[in-house]
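[1] requesting a structural model of the entry that follows:
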Amino acid sequence: MFTGIIESVGHIRAIERRGDDIRLTVAVGKLDMTDVKLGDSIATNGVCLTVVAQTADSYTADVSAETVTLTGFDTYQVGCAVNLEKAVTPSTRLGGHLVSGHIDGQAKVVEVHPRGKATEYWLEAPAELSRYIAHKGSIAIDGVSLTVNEVQGHRFRLTIVPHTSGETTLPLLHAGDCVNLEVDQIARYLERLMQAPAAAPTSGGVTMELLAKSGFIR
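    The predicted structure follows:
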């Protein structure tokens, strides 16, 4: 689990194609690796990846074919900048929102323009995901926890303040680029609950027959 507060911008150091899968080595930049162990999770542009090898300034992880299909990893190249965040601990501040690191799909950047000291981005989500995006709701874009400031159909607007721009890869985005999108988990769970059939009524009681069947009485 992650919070969407980026700890470092890293760079892809090596890419190894393994059939439909990919093995990545990422140079971590300022990310503190002293407490990272094999098997730990590091969100890489929003994707929860498991560390399978590491050095003092890098880690290696495998990206499954399923993940490659849903994300932009298939287009990444050596040198590409990526947002990094280590998994939360029980004492981590929840500065963003709960981010699972399980990407739902990709959104496309359609407009980028300055507004005051901030930068506004309009993005377009796939039709099957846009219903989960709400005005003032939370969303993760390439692993960055952000607030949706406007929704128009499948399009939504984000406002990126200078601090967030300085700590993430978001300033590198241009119209036409695609980003990894994770919608708010609460929206997904609520939809699932609403779709569930009404619970069948039960007696809820302990009967003599049940007690006898269970061996408590004769």
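[2] separation between residue 1 and residue 194?
    From residue 1 over to residue 194 the distance is 24 Å, taken as Cβ to Cβ, to the nearest Å. C-beta here means a position set from N, CA and C on the backbone, and glycine is covered the same way.
[3] show me which of the two is the more surrounded one.
    Neighbours per residue (other Cβ atoms under 10 Å) separate residue 1 from residue 194, with residue 1 holding more: 15 against 7.
[4] tell me the contacts of that one?
    Counting by Cβ atoms under 8 Å, 6 or more residues apart in numbering, residue 1 touches 87-88, 98-101.
[5] just these now: which is nearest residue 179?
    Compare each of the contacts of residue 1 with residue 179 using Cβ to Cβ and the shortest gap goes to residue 99, at 13.9 Å.
[6] count the neighbours of that closest one for me.
    Burial of residue 99 is recorded as 25 neighbouring residues (other Cβ under 10 Å).
[7] show me what it is bridged to.
    Beta bridges link residue 99 to residue 2, judged by DSSP bridges.
[8] mind checking which helix or strand the nearest residue to residue 62 once chain neighbours are set aside is in?
    In this structure, residue 62 finds its nearest non-sequential neighbour in residue 23, 5.3 Å apart by Cβ to Cβ, 6 or more residues apart in numbering. With the criterion set as DSSP states H and E, the secondary-structure element containing residue 23 is strand 21-27.
[9] what about that strand, distance to the chain center?
    Using Cα atoms, centre = their mean, to the nearest Å, we find the averaged C-alpha position of strand 21-27 to lie 18 Å away from the chain's own average C-alpha position.
[10] any idea which helix is longest in the chain?
    Under DSSP state H, the helix in the chain containing the largest number of residues is helix 185-195.
[11] in that one, what's buried?
    When burial is assessed from 16 or more other Cβ atoms under 10 Å, helix 185-195 yields the following buried residues: 185, 187-188.
[12] how about a markdown table for those residues, with pLDDT and distance to residue 134 added?
    As requested, the buried residues of helix 185-195 are exported to a markdown table (pLDDT from 0 to 100; distance: Cβ to Cβ, whole Å):
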| residue | pLDDT | distance to residue 134 |
| --- | --- | --- |
| 185 | 83 | 13 |
| 187 | 81 | 7 |
| 188 | 78 | 12 |
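[13] which one among the residues you listed gets closest to residue 157?
    Ranked by distance to residue 157 (Cβ to Cβ), these are led by residue 187 at 17.8 Å.
[14] OK, contacts around that closest one?
    Taking Cβ under 8 Å, 6+ apart as the contact definition, residue 187 lies against 132, 134, 137.
[15] give me that answer again for 7 Å
    Listed by Cβ atoms under 7 Å, 6 or more residues apart in numbering, the contact set of residue 187 reads residue 132.
[16] before we move on, what about residue 29?
    If you count contacts by Cβ under 7 Å, 6+ apart, residue 29 has them with 8-10.
[17] out of these, who has the most neighbours?
    residue 10 (24 neighbours).
[18] assign that one to helix, strand or coil.
    Each residue gets one of three states, and residue 10 gets strand by DSSP: H, G, I helix; E, B strand; the rest coil.
[19] could you pull up the contacting residues of it?
    Listed by Cβ under 7 Å, 6+ apart, the contact set of residue 10 reads 26-29, 31, 82, 84.
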